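>>> Below are the sequence and a predicted model for it; my questions follow.
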Amino acid sequence: MHRLLSAMVPVFLVAISFSQPVSAEETVTSPDGRITVTVDVNGEGRPFYRIDLDGAAVLTESRLGFLLADQDKLERRLAVIAAEASSHDETWEQPWGERRFVRDHHNQLTVRFEEDSDEKRRFGVTFRVFDDGVGFRYLFDDSSVGETLRVADELTEFNLAQDGTAWWIPGGEWNRYEYLYEKTPISGVSMAHTPLTFRMENGTHVAIHEAALVDFAGMWVKRTTGTNFRATLTPTGSTAARAMRDIPFATPWRTIRVSDDAAGLAMSDIELNLNEPNKLGDVSWFKPHKYVGVWWSLHLDEESWGLNSGSGSDASFTAKKHGATTENVKRYIDFAAEHGFEGVLVEGWNIGWDGNWFFNGKLFSFTESYPDYDFAELARYAAEMGVPIVGHHETSGDIGNYESQLADALDLMAERGVKTIKSGYVTDACNLRYVHPDGRETRECVESQVMTNHHIMVVKEAAKRKIAMNPHEPVKGTGLRRTYPNWVSREGARGMEFNAWGVPPNGPSHVPTMVFTRMLSGPMDYTPGVLSLEGRGQPLQMTKARALAEYVVIYSPIQMAADLPEHYAEAMDAFQFIKDVPTDWSESLILDAEVGEYVVTARKDRNSEEWFLGGATDEQARDTAVSLDFLDAGTAYRAEIYRDGANAHFEGEGRFDIVIETREVSSADTLDLRMAPGGGYAVRLVPLSR
């Protein structure tokens, strides 16, 4: 059982007695003194905060407040009536993660506001300031605002002090998070999903996101004027209020990572630290692992999800041989057992894929197999071979159908020895069908309050059966993997399947951008490892060495070897790295990076003394000098290097030009490694016995 090393502070502070308005502005600084948050009200009684780094403005005066569905808005006629400061420093242990131990060191300020009105409505805002950023949330913990708060929208602002560059995807559009990232001036952003990443003109890097998204609507961020932004809550089909909570409650945390460089953004643990500790207790039943499965062949249109017809949301899919057959899955189990993989994903095993499932999720049964898929026999064979089936639940966004079968579906998976389930919510972003307890149907957005509650409910129910969840088309990650450690990964961005479809494919800059945008929200099941470098008539825009590097650069405690077994048989030398690379780490470092251009990552295996390096670049070739000073001094290591060859390039036959070599190195050495256009490198560093 994994234990906390010390207790966290409680969710709510002890009650503070109200006093006369506080005249002076309130401030709180980070433990290292570099970041300062100032909180006050302006002449109209509008509350605001601002953030400085080393005395220079990061966020200028940014207002706080809410629009309410059945009351006057909470945004003016307010005064600061009390403030309380505290400090906190602890180190806690992750059961799995990018690093084993996480330090939570922050200074905290809770400011209380009261309205100059007959109702004298009150609320608080708690700020936690870390060395790498700020988190704050609203507290509604007395009845001055009523028994239930119905929030029409949020008025929180994030007003950047300078223009610069932004990397973002549109919020509220039909394809959820699955867009190529825009790179524009900060003043050119429209409505964006979070994480939303900026590099200001002075070089300061900022990322806006949220933490602990529980029983509330997810936050999009909308540019209002210039470089000023405002939160807006995801709408719901249930009510005019976008979020509704009984008092007392605290909102999710709004987070602002602040760093001198891109590496600092990616190495921050703010969202994890702002979540509650593990509520599940002993989760040693989940083991980080790699898996293979019936998946890439479906996207290549060589096999089908459906038994009797082609299937998929893409009209170009045609009738092909059913992929999820007993014989075919046994072939994958044999391959996994031979090469040390610990799971076989099977998509298309259950009734419902024939017909227009994209628009009719009611077709799916989560307990009935197609007749050519003998689930009981495969469960027996998988147990015999030591390779569990990875379950698959595609809902097509029909939450009503899924929830009505959920208990039986999870029971079946547990009975069959399934330890991880990949779920899917393929439908347009605000078209998820939900059935309320009173029988009403509504259509919900991916991040509506209804959907955030649905995902947590599924994770809790899966945990009761010792099953881990990996949702695709999910609600975004907000650090809740700390509270529910069986929420092990998710998609939530353009994954590898776009490289099969070619609509267009993910270009070379996609991964070096995601590391500093999507990946700030947590692990991603990107499904890497396509060493054939071919999609459905569409070449992948990367080199073979880059395909290996993605196992280090993109973090997930479950990683797929996504290519077909026959393709790996043709590339066994490079496949060796996929077999060797771990999925659980004791430490992770970003050694060098620029957002959207390149990234160099080092990670130490949690279960050995081995280190791994991954480098990935955009369309530009780059020479990197990687200092190995993170290695143990006085120890020799064997560096197993997979790098781009002299003619490597993400276009043409140069994609396959790879050099595999070994060298002996130490912490005093530097590896000079070139990345070809669209290329990269992967390195395994094994300590040598003397």
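Great, that's in hand.

>>> Now Thr635. Nearest residue, chain neighbours left out?
Pro687 (5.2 Å; CB to CB, 6 or more residues apart in numbering). C-beta here means a position set from N, CA and C on the backbone, and glycine is covered the same way.

>>> how near is the one you found to Leu628?
The span separating Pro687 from Leu628 equals 12 Å under the rule CB to CB, to the nearest Å.

>>> ditto for Val145
Taking CB to CB as the criterion, Val145 is separated from Leu628 by 57 Å.

>>> just Val125 next, same as before
45 Å.

>>> if I pick Tyr373, what's in contact with it?
When contacts are counted by CB atoms under 8 Å, 6 or more residues apart in numbering, Tyr373 touches 324-326, 329, 346, 349.

>>> for Arg122, same thing?
Listed by CB under 8 Å, 6+ apart, the contact partners of Arg122 are 18, 81, 112-115, 142, 144-145.

>>> beta partners of it?
Glu114 (DSSP bridges).

>>> Tell me the predicted confidence for it.
On pLDDT, Arg122 comes in at 98.

>>> ranges for the strands of the stretch 501-650 of the chain?
558-560, 585-594, 598-605, 611-617, 622-627, 637-644 (DSSP state E, counting those that start in this stretch).

>>> Can you lay out the ones you listed as a markdown table showing mean neighbour count and mean pLDDT?
Compiled in a markdown table, those are given as follows (neighbours: other CB atoms under 10 Å; pLDDT from 0 to 100):
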| stretch | mean neighbour count | mean pLDDT |
| --- | --- | --- |
| strand 558-560 | 26 | 98 |
| strand 585-594 | 19 | 98 |
| strand 598-605 | 24 | 98 |
| strand 611-617 | 28 | 98 |
| strand 622-627 | 15 | 98 |
| strand 637-644 | 22 | 98 |
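
>>> Specify the stretch among those that is closest to Asn202.
Checking the strands of the stretch 501-650 of the chain against Asn202 by CB to CB gives strand 585-594 as the closest, at 15.6 Å.

>>> Direction included, what does the closest one pair up with?
On the basis of DSSP bridges, the sheet neighbours of strand 585-594 come out as strand 598-605 (antiparallel).

>>> What residue in the chain is the furthest from its centre?
Asp118 (44.5 Å; CA atoms, centre = their mean).

>>> Distance-wise, check that one relative to Arg77.
As it turns out, when the distance is counted by CB to CB, Asp118 lies 11 Å from Arg77.

>>> same check, this time on Arg443
As judged by CB to CB, Arg443 and Arg77 stand 37 Å apart.

>>> same deal with Asn470?
48 Å.

>>> Repeat that for Gly203.
39 Å.

>>> Mind checking which of the two has more residues around it?
Under the neighbour definition other CB atoms under 10 Å, Gly203 and Arg77 were set side by side, and Arg77 has more, 16 against 10.

>>> Which residues lie in contact with the more buried one in this structure?
Taking CB under 8 Å, 6+ apart as the definition of contact, the neighbours of Arg77 are 44-45, 115-117.

>>> what's the answer for Asp398, then?
Under the criterion of CB under 8 Å, 6+ apart, the contact list for Asp398 reads 360-362, 364, 427, 432-433.

>>> Assign Thr165 to helix, strand or coil.
strand (DSSP: H, G, I helix; E, B strand; the rest coil).

>>> bridging residues for Arg684?
Phe612, Glu640.

>>> How confident was the prediction at it?
According to the per-residue confidence, Arg684 scores 99 in pLDDT.

>>> Glu640 is in contact with that one, correct?
Yes. Checked against CB atoms under 8 Å, the pair Arg684 and Glu640 is within contact range at 4.2 Å.

>>> tell me, what's touching the two both at once?
The contact sets of Arg684 and Glu640 overlap at 577, 580 (CB under 8 Å, 6+ apart).

>>> Strands of the stretch 251-400 of the chain, start to end?
According to DSSP E, counting those that start in this stretch, the stretch 251-400 of the chain carries its strands in the segments 253-259, 289-294, 303-304, 321-322, 344-346, 389-394.

>>> of all those, which lies closest to Tyr49?
strand 253-259 (9.9 Å).

>>> average pLDDT for the closest one?
The predicted model assigns strand 253-259 a mean pLDDT of 99.

>>> got the contact list for that strand?
Counting contacts by CB under 8 Å, 6+ apart, the residues outside strand 253-259 that touch it are 35, 51, 53, 58-59, 128, 132-137, 156, 158, 204-212, 219, 231, 264-265, 268, 270-271, 274, 520.

>>> again with stretch 108-118
The set of residues that contact stretch 108-118 without belonging to it, under CB under 8 Å, 6+ apart, is 9, 13, 16, 18, 21, 26-28, 37, 39, 41, 45, 47, 72, 74, 77-88, 120-129, 139.

>>> Narrow those residues to those in strands?
Counting by DSSP state E, the contacts of stretch 108-118 place 26-28, 37, 39, 41, 47, 78-88, 122-129, 139 in strands.

>>> ok, of the residues you listed, which come out buried?
When neighbours are counted using 16 or more other CB atoms under 10 Å, these contain these buried positions: 26-28, 37, 39, 41, 47, 78-83, 122-129, 139.

>>> Name the nearest residue to the most centrally placed residue in the chain, ignoring sequence neighbours.
Note on the chain: the residue nearest the mean C-alpha position is Gly522, at 3.4 Å, using CA atoms, centre = their mean. On the basis of CB to CB, 6+ apart, the spatially nearest residue to Gly522 that is not a chain neighbour turns out to be Gly477, at 3.3 Å.

>>> In a helix, that neighbour, correct?
No. Read with three-state DSSP, Gly477 is coil and lies in no helix.

>>> That one and Ser521 touch, don't they?
Yes. With contact taken as CB under 8 Å, Gly477 and Ser521 are classed as touching, separated by 4.0 Å.
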